[in-house]
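*Asks:* here's a sequence, model it:
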Amino acid sequence: MASGGNNRSRLLLVILLVTSLFLITLDLRGVSLTNSSRSLTQSILAPVQRVFSSAFSPVGNFFADVKNFGKTKAELKDVQSQNEKLKSQIIINEDIKGQLKQLHATLNLAGRGGYTVVAARVIGRGSASTFSQTITIDAGTSSGVTKDMTVIAGAGLVGVIKSATSSSAIVLLMSDPSFRIGVRIAGTQSAGVLLGQGDSSYLLQLLDPAGSISVGEVLVSLGSDNARPFVPGIPVGRVTGVDHTSASLTQQATVIGLTNLDNVDVVSVITKNAKQDPKNALVPTPQPTVTVYVTPVPLPVLPSPGVSTSGSPSPMPSATLAKK
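*Replies:* Numbers count the residues shown, from 1 in each chain. Model prediction:
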């Protein structure tokens, strides 16, 4: 029964379509149609148009969505690319800020000591041909940098120029086991030799048999003849421990370097010594210790139950029985 109804609906739809096409053909051929015929045609075609529009609009929307999806994907990719560029720029800005801070500290130390320096950036670390601890800097003979010049950073000594080309130079770090430098204790003026040990810890051998070493004392460079390879007065390290059990005639001590060689990005090469020895002018001053004094405040004495604060006993509440 339902099948017969569907067949009739399909037949009616076909008749309507054929009739509509027939009327449209007559109209195109110049056959005059009355307004009522046009209205009738429009009334007949309107439901058909709605059906076709409902049937095919999802397809059109699908292709439009596919087109927009491609456009949105491209925009998302562009946003991600811009985001990565911004992240890279932030990292670069932070790196530049750190280098400027190190440069300011290095030039400040050189200025206080009266040294003439050439600033340089670290462009390489280590050596592929040797096991020595070195860094490569982007300043060479064209900038006045030659072998056996002292290299400093903001906190103090870094090392010495080992070799130089026209545009770069190799610095032997003070941490290298082959590194040796004459030092003096800033407080007692006792002289000694500082030896690199491959890390941030150094060994101090005091040359003065009558000298003494104390924890916390700062060592500065003793200086070489004609200030090559070392100029005098450069802060080198701080004593962290004294060896009292050594069998040698002089004392030995453990020293920590003032410069963190792992984080050095900017250095200065001293190309001309100061007119006079800065002595202890570059020795870092210890940070002041802030002492806080706490004055105890007496706690208020709470009155006992039944005792008034004026000193006279306060009456205790008594229960009253109601008589019936």
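*Asks:* Arg180 and Leu194 touch, don't they?
*Replies:* Yes - the pair Arg180 / Leu194 is scored as a contact, 7.3 Å apart, by Cβ atoms under 8 Å. Glycine gets a C-beta too; all of them are placed from N, C-alpha and C.
*Asks:* okay, these two: which has more neighbours?
*Replies:* Leu194 (24 against 12; other Cβ atoms under 10 Å).
*Asks:* for the strand or helix carrying the more buried one, which strands pair with it and how are they oriented?
*Replies:* Assigned by DSSP states H and E, Leu194 belongs to strand 191-196. Paired neighbours of strand 191-196 in the sheet (DSSP bridges): strand 180-185 (antiparallel), strand 201-206 (antiparallel).
*Asks:* residues in contact with the last one: which ones?
*Replies:* Spelled out, it's strand 201-206. 174-175, 183, 190-197, 213, 219, 237, 239-240, 248, 250-257 (Cβ atoms under 8 Å, 6 or more residues apart in numbering).
*Asks:* pull the number of nearby residues for Pro209.
*Replies:* As a burial measure, Pro209 scores 10 neighbours (other Cβ under 10 Å).
*Asks:* tell me who's in contact with it.
*Replies:* Applying Cβ under 8 Å, 6+ apart, the residues near Pro209 are 249-250.
*Asks:* could you pull up phi and psi at it?
*Replies:* phi -60, psi -30 (degrees, to the nearest 10).
*Asks:* how close does it get to Gln102?
*Replies:* Using Cβ to Cβ, to the nearest Å, we find Pro209 at a distance of 40 Å from Gln102.
*Asks:* hmm, back to that, just the mean pLDDT for the strand holding Leu194, thanks.
*Replies:* Mean pLDDT, computed over strand 191-196, is 96.
*Asks:* please apply the same query to stretch 231-251.
*Replies:* So the average pLDDT for stretch 231-251 ends up being 86.
*Asks:* can you point out the buried residues in that stretch?
*Replies:* Buried residues in stretch 231-251, counted by 16 or more other Cβ atoms under 10 Å: 231-239, 242, 250-251.
*Asks:* of all the residues you listed, which two lie farthest apart?
*Replies:* Comparing every pair within the buried residues of stretch 231-251 by Cβ to Cβ identifies Val231 and Val242 as the most remote, at 27.5 Å.
*Asks:* out of the contacts of strand 201-206, which are buried?
*Replies:* 174-175, 183, 190, 192, 194-196, 213, 219, 237, 239, 250-255, 257.
*Asks:* buried residues, stretch 145-165. List them.
*Replies:* In stretch 145-165, counting by 16+ other Cβ under 10 Å, buried: 145, 149-162, 164.
*Asks:* ends of it, what's the gap?
*Replies:* Its first and final residues considered, stretch 145-165 spans 9 Å by Cα to Cα, to the nearest Å.
*Asks:* same question, stretch 167-180
*Replies:* Distance between the boundary residues of stretch 167-180 (Cα to Cα) amounts to 27 Å.
*Asks:* model confidence over that stretch, on average?
*Replies:* On average, stretch 167-180 scores 96.
*Asks:* again, but for stretch 137-147
*Replies:* Here the average pLDDT along stretch 137-147 is 97.
*Asks:* give me the buried positions along it.
*Replies:* 137, 139-140, 143, 145.
*Asks:* can you tell me the helix or strand for Ile91?
*Replies:* helix 35-113.
*Asks:* likewise Lys147?
*Replies:* Counting by DSSP H and E, Lys147 is found in no helix or strand.
*Asks:* around Gly126, how many other residues sit close by?
*Replies:* If you count neighbours by other Cβ under 10 Å, Gly126 ends up with 12.
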